[in-house]
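J.: here is my input, please return the structure:
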Amino acid sequence: MCTLLPVERRERHSVVRVARAVALAAGVVLVAACTVGPNFSRPATPRVQRYDASDALGMASGGQPQSLSPAVQMRDDWWTSFGCRAIDMAVDEALTGNVTLEHGEATLRRSEYLLRAGAGVFFPQVDARGDASRQRFSPLRTGVDAPASIFNLFTLSATVSYTLDIWGGERRQVEALAAQAEAQRYTLVATYLTLAANVVNAMIARAAYSDEIAATREMVELVREQVHITQAQVAAGASAWSAVLSLQNELATLEASLPGLEQKRIETEHLLALLAGMYPEQWSGPAVSLAEIALPGVLPQTLPSSLVRRRPDILQAEAVLHVASAEIGVATAALFPQIALSASGGVESAVLHSLGTPAGQAWSVAAGVTAPVFHGGALWFQRKAALEAYNESSAAYREVVLAAFAQVADALRALEHDSQTVAAQTRAVQAAGEALQLIKEAYRAGTVGYLQILVADGQYHQARIAWLQAIAQRLQDTVALYAALGGGLIADS
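T.: Take a look at the predicted model:
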């Protein structure tokens with residue numbers, strides 16, 4: 001009976017050791033589950049019901065109506081709503097060749113690779129090493145009076161190390177990398193949206209310049225004909241020479257406006273080439289008139305609360321805020337002790353063929369704790385700086401949101417005023433056209449001269465040029481609304 005007591009005691013000690021080991025492991029797991037720093041939560045949506053005092057588009061009589069409807073969804077190819085094949089082709093060309101997009105895509109890929117690289121901290125770090133050297137060893141260094149020896153030394157070794165992420169600093173760092181990649185993704189989406197809007201605006205401007213150039217050239221011919229008629233009247237003594245000078249001044253003014261319009265159209269074409277990633281001489285596009293560009297009649301109506309979940313610049317600012325939040329955790333974890341585990345093993349031999357024999361084996365297992373004691377306040381103030389960086393990003397986020405709401409409100413108001421302007425310009429063109437028709441009828445009846453027809457025709461062309469400018473502005477403000485609403489590239493969430 002007595003011979004069994006030591007065995008029982010040893011078993012009891014073994015059980016205690018196992019229990020302690022299990023308790024220690026459980027404690028380590030519980031501690032490792034701790035992650036310091038704030039957990040990021042998305043900013044609340046603004047508590048507003050409308051973008052402006054009135055979100056409805058006020059319609060003026062005589063203009064083509066536009067309205068907002070929640071039934072119309074934002075599409076990622078929103079530019080197709082203008083019904084112009086030339087615009088569709090120009091946008092497709094830009095989306096496939098734009099250099100800024102190429103740059104943004106490369107930056108996004110770099111961010112994703114950095115994220116994958118940062119996630120490697122969660123795995124043990126394993127390194128292998130091989131050395132071959134020839135050495136001369138002097139025993140005198142160890143206090144032994146013996147002759148020196150020359151020998152070869154071959155070494156193979158491996159090292160395994162792992163840092164316990166007790167306070168979650170590494171997890172917060174990877175979280176920050178993930179948020180940075182997310183921010184870059186939304187930056188790229190914003191680039192897509194801006195690029196498409198710039199291309200559509202440039203195509204509208206190009207069409208408007210072309211139509212305005214054509215109308216101005218017609219006016220030049222009309223004024224030139226008036227000059228000839230008035231010169232004939234002066235020769236016949238029926239008119240004063242001052243009338244000719246006045247018409248010549250008007251003619252010169254119109255002719256002087258043509259090069260400026262041509263330059264603006266050429267600059268627009270050069271801009272389209274730049275957006276498409278081409279040299280100016282490489283870009284060419286079909287001639288487009290404003291009559292070929294349809295005005296979208298029903299526009300998407302989105303809730304103000306959904307804007308912060310679909311505008312890429314707002315989502316990018318939110319991702320940057322997430323980065324700042326994670327950086328607080330990184331700075332906080334640096335205030336606490338860090339534990340690192342490591343193990344190494346290898347074999348050494350003076351001759352290569354006997355490498356790996358038991359006599360040359362060596363290994364070590366180590367655990368190290370590093371605790372900050374005194375850094376002159378650097379770690380503490382780094383955390384304070386991280387907190388202020390978060391406050392800075394929070395203010396920047398709110399600024400982006402406010403600017404986005406202002407852009408939507410501006411676009412809605414601009415479309416309302418554009419409708420009124422187009423309606424008024426339409427009435428002006430109709431009135432000038434009717435006056436021209438009446439004067440033509442009076443000319444056929446012999447009650448007025450041909451000069452009055454030319455004057456009325458010039459007034460009609462002037463009214464038409466103003467109408468073309470109003471139409472182009474309304475189309476571009478429609479583009480601005482699509483862009484302000486996020487362009488449909490990101491679904492509501």
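J.: ok, Ile87 - contacts?
T.: Applying C-beta atoms under 8 Å, 6 or more residues apart in numbering to Ile87 gives the contacts Trp79, Val199, Val200, Met203, Val288, Ile293. Using the backbone N, CA and C atoms, a C-beta is placed for each residue, glycine as well.
J.: and Val365, what element?
T.: Secondary structure from DSSP states H and E places Val365 in strand 361-370.
J.: tell me the first helix or strand C-terminal of that strand.
T.: Note on strand 361-370: by DSSP H and E, the next helix or strand toward the C-terminus is helix 378-445.
J.: helices or strands next to that next one in the packing?
T.: helix 304-307, helix 312-333, helix 450-484 (3 or more C-beta pairs under 8 Å, 6 or more residues apart in numbering; DSSP states H and E).
J.: hmm, Leu271 and Trp283 touching each other?
T.: No: counting by C-beta atoms under 8 Å, Trp283 sits too far from Leu271 to count as a contact (9.6 Å).
J.: model confidence for the closest residue to Ser161 other than its chain neighbours, exactly?
T.: Distances taken as C-beta to C-beta, 6 or more residues apart in numbering place Ser342 nearest to Ser161, at 4.2 Å, with adjacent residues excluded. Ser342 carries a pLDDT score of 93 in this model.
J.: now the helix or strand harbouring Ser342: buried residues?
T.: In this assignment (DSSP H and E), Ser342 forms part of strand 338-349. Neighbour counts over strand 338-349 (16 or more other C-beta atoms under 10 Å) mark Gln338, Ile339, Ser342, Ala343, Ser344, Gly346, Val347, Glu348, Ser349 as buried.
J.: tell me which of those is nearest to Arg311?
T.: Nearest to Arg311 among the buried residues of strand 338-349, counting by C-beta to C-beta, is Gln338 at 40.5 Å.
J.: wait, Asn198 sits on Leu275?
T.: Yes: if you go by C-beta under 8 Å, Asn198 and Leu275 touch, sitting 6.0 Å apart.
J.: higher neighbour count, those two?
T.: Taking neighbours as other C-beta atoms under 10 Å, Asn198 and Leu275 compare with Leu275 leading, 24 against 19.
J.: mind listing what that one touches?
T.: Leu275 neighbours (C-beta under 8 Å, 6+ apart): Ala94, Asn98, Leu195, Asn198, Val199, Ala202.
J.: can you redo these as a markdown table with distance to Glu267 and secondary structure?
T.: Output for the contacts of Leu275, formatted as a markdown table (distance: C-beta to C-beta, whole Å; DSSP: H, G, I helix; E, B strand; the rest coil):
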| residue | distance to Glu267 | secondary structure |
| --- | --- | --- |
| Ala94 | 17 | helix |
| Asn98 | 18 | coil |
| Leu195 | 18 | helix |
| Asn198 | 13 | helix |
| Val199 | 15 | helix |
| Ala202 | 10 | helix |
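J.: now a PyMOL select for only the buried ones of those residues.
T.: Per 16+ other C-beta under 10 Å, the buried members of the contacts of Leu275 correspond to this PyMOL selection:
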select buried, resi 94+98+195+198+199+202
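J.: and the furthest pair within the contacts of Leu275?
T.: Pairwise distances among these were taken by C-beta to C-beta; the largest, 12.8 Å, belongs to Asn98 and Ala202.
J.: mind checking how far stretch 335-346 is from the chain centre?
T.: 41 Å (C-alpha atoms, centre = their mean, to the nearest Å).
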